[in-house]
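Undergrad: Could you look at this predicted model? Sequence included:
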Amino acid sequence: MIELEGLTKHFGSKVAVDHLSFKVRPGVVTGFLGPNGAGKSTTMRMMLDLDNPTSGTVRIDGRHYRELEEPLKYIGALLDAKAMHGGRSAYNNLLCLAQANRIPRSRVAEVLDVVGLTPVARKKSKGFSMGMGQRLGIASALLGDPEILMFDEPVNGLDPEGIHWIRNLMKALAQEGRTIFVSSHLMSEMALTADHLIVIGQGKLLADTSMADFIQQNSRSYVRLRSPQQEELRDAVHRAGMTVVESDNGTLEVDGASTEQLGELAAEHRIVLHELSAQRASLEEAFMQMTAGAVEYHAHSTGAAAPPPSPGLGTPSSGHGAPQWAPRKEGA
Ligand SMILES: Nc1ncnc2c1ncn2[C@@H]1O[C@H](COP(=O)(O)OP(=O)(O)OP(=O)(O)O)[C@@H](O)[C@H]1O
């Protein structure tokens with residue numbers, strides 16, 4: 001378990017992380033989401049004692065990182081896959097790490113095998129592709145067989161087979177009862193991987209909830225109906241006291257009713273249906289809706305529609321005076 005309490009980080013006048021308190025629990029994959037510059041990497045760095053908090057605490061299984069005798073045996077992390085020594089082979093990179101943490105040499109071959117790098121174990125890591133570097137970083141996180149694993153953008157540079165592999169690896173590790181904390185900008189991937197979500201914006205906690213609840217609470221769900229007797233159907237739905245709107249493509253959209261209710265209603269009125277489907281927004285839509293007011297840098301221009309404002313969640317910001325050509329981050 002990872003526990004944050006009032007975690008705060010200032011860089012000069014910039015508040016990167018603002019009184020964050022949450023727990024990352026074992027047995028599930030917890031996704032860590034936030035727009036660019038929200039403070040995810042800074043938070044993860046403080047979890048690993050790579051940055052000092054301005055205030056607040058992080059506990060790893062009840063202890064501060066510095067109190068862990070051999071930290072790699074408690075918490076493994078992939079933060080920056082390029083952090084490896086390029087002049088060393090994959091094997092030697094891992095061996096150095098193993099020796100510094102009193103991890104048996106035999107574990108090096110084991111983790112190389114897990115990540116599929118055994119055939120290139122003796123090759124210098126500077127010649128590795130981005131995906132291979134990412135696998136090596138994952139191997140280093142797994143080296144101490146820790147109960148807690150943190151991955152910052154783990155699918156960066158991985159091909160579809162690699163993405164599938166890391167998704168299954170994270171799920172399997174969670175099923176073993178480990179604590180898995182992962183950040184990613186790939187919403188479709190996160191939707192397939194994470195059970196629970198922590199969402200931050202401008203350093204503040206926006207949500208700490210299950211994936212299903214997050215999507216449900218931050219998006220509209222409705223039932224779509226299509227029928228050759230569209231007018232009859234619309235009247236029947238209307239008479240049943242439900243809100244129905246006709247979409248641009250000629251289908252009907254009904255809020256606040258189940259597919260069962262609508263199917264039965266159509267049968268009662270002997271109306272033929274060509275479509276009866278529950279529509280639920282994607283994680284991406286729900287995320288855009290929730291974080292609309294917490295995006296640090298907006299692109300303004302070429303047809304990419306801004307997300308609609310979320311009721312009660314603040315209005316979309318124009319970037320707090322930030323330039324509008326969307327730099328990635330200050331000081332990066
Ligand atoms: N060393 C630093 N010096 C000054 N400002 C920093 C530093 N590191 C981060 N920041 C700022 O703190 C804020 C949070 O940055 P951070 O990298 O943690 O965000 P992030 O959520 O990981 O973003 P991204 O999704 O773009 O990687 C940003 O505004 C960033 O510019």
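TA: Sure thing, it's come through.

Undergrad: Give me the sheet partners of the host helix or strand of residue 19 and which way each runs.
TA: Element membership for residue 19, per DSSP states H and E: strand 14-24. Here strand 14-24 has these sheet partners by DSSP bridges: strand 2-11 (antiparallel).

Undergrad: touching the ligand at all, the partner strand?
TA: Yes: contact between strand 2-11 and the ligand, assessed by CB under 6 Å from any ligand atom, occurs at residue 11. Where you see a C-beta, it was placed from the backbone N, CA and C, and this is true even at glycine.

Undergrad: Give me the residues contacting that strand.
TA: Strand 2-11 is contacted from outside by 15-24, 39, 42-43, 46-47, 51, 53-60, 62, 75, 148, 179, 181, 203, 330-331, using CB atoms under 8 Å, 6 or more residues apart in numbering.

Undergrad: Flag every buried residue along it.
TA: Buried residues in strand 2-11, defined by neighbour count with 16 or more other CB atoms under 10 Å: 2-4, 7-9.

Undergrad: cool, and stretch 175-193?
TA: Of the residues in stretch 175-193, those buried by neighbour count under the rule 16+ other CB under 10 Å are 178-184, 187, 189-191, 193.

Undergrad: Repeat that for stretch 236-247.
TA: Of the residues in stretch 236-247, 236-237, 242, 244 count as buried by neighbour count, 16+ other CB under 10 Å.

Undergrad: How far off centre is that stretch?
TA: 37 Å (CA atoms, centre = their mean, to the nearest Å).

Undergrad: on that earlier part again, please tabulate the buried residues of stretch 175-193 in TSV and include secondary structure as additional columns.
TA: TSV is the format used below for the buried residues of stretch 175-193 (DSSP: H, G, I helix; E, B strand; the rest coil):
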residue	secondary structure
178	coil
179	strand
180	strand
181	strand
182	strand
183	strand
184	coil
187	helix
189	helix
190	helix
191	helix
193	helix
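
Undergrad: what ranges do the helices span in this protein?
TA: Per DSSP state H, the chain carries helices over the ranges 40-47, 90-100, 106-114, 130-142, 160-175, 187-193, 211-217, 230-239, 259-268, 283-291.

Undergrad: Mind putting these into JSON lines with distance to the ligand and mean pLDDT?
TA: Written out in JSON lines, the entries for the helices of the chain read as follows (distance: least, CB to the nearest ligand atom, whole Å; pLDDT from 0 to 100):
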{"stretch": "helix 40-47", "distance to the ligand": "3", "mean pLDDT": "94"}
{"stretch": "helix 90-100", "distance to the ligand": "24", "mean pLDDT": "89"}
{"stretch": "helix 106-114", "distance to the ligand": "26", "mean pLDDT": "93"}
{"stretch": "helix 130-142", "distance to the ligand": "16", "mean pLDDT": "89"}
{"stretch": "helix 160-175", "distance to the ligand": "18", "mean pLDDT": "92"}
{"stretch": "helix 187-193", "distance to the ligand": "13", "mean pLDDT": "88"}
{"stretch": "helix 211-217", "distance to the ligand": "18", "mean pLDDT": "84"}
{"stretch": "helix 230-239", "distance to the ligand": "43", "mean pLDDT": "93"}
{"stretch": "helix 259-268", "distance to the ligand": "37", "mean pLDDT": "95"}
{"stretch": "helix 283-291", "distance to the ligand": "11", "mean pLDDT": "81"}
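
Undergrad: between the strand holding residue 19 and helix 40-47, how many degrees?
TA: Orientation note: strand 14-24 sits at an angle of 60 degrees relative to helix 40-47 (axes from the mean of the first three to the mean of the last three CA atoms, to 10 degrees).

Undergrad: Mind checking if strand 14-24 is in reach of the ligand?
TA: Yes: residues of strand 14-24 are located near the ligand by CB under 6 Å from any ligand atom, namely 14, 16.

Undergrad: For that strand, give the mean pLDDT please.
TA: The average pLDDT within strand 14-24 is 96.

Undergrad: and it, C-alpha only, in PDB?
TA: In PDB, the C-alpha atoms belonging to strand 14-24 read as follows (Å, rounded to 0.1, in the frame of the first residue of the first chain):
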ATOM      1  CA  LYS A  14       4.700  27.100  -9.100                       C
ATOM      2  CA  VAL A  15       2.600  24.700  -7.100                       C
ATOM      3  CA  ALA A  16       3.100  21.400  -8.900                       C
ATOM      4  CA  VAL A  17       1.400  19.100  -6.300                       C
ATOM      5  CA  ASP A  18      -1.200  20.600  -4.000                       C
ATOM      6  CA  HIS A  19      -2.100  18.700  -0.800                       C
ATOM      7  CA  LEU A  20      -2.600  15.300  -2.300                       C
ATOM      8  CA  SER A  21      -4.000  12.600  -0.100                       C
ATOM      9  CA  PHE A  22      -4.900   9.200  -1.300                       C
ATOM     10  CA  LYS A  23      -4.100   5.500  -0.900                       C
ATOM     11  CA  VAL A  24      -3.000   3.000  -3.600                       C
END
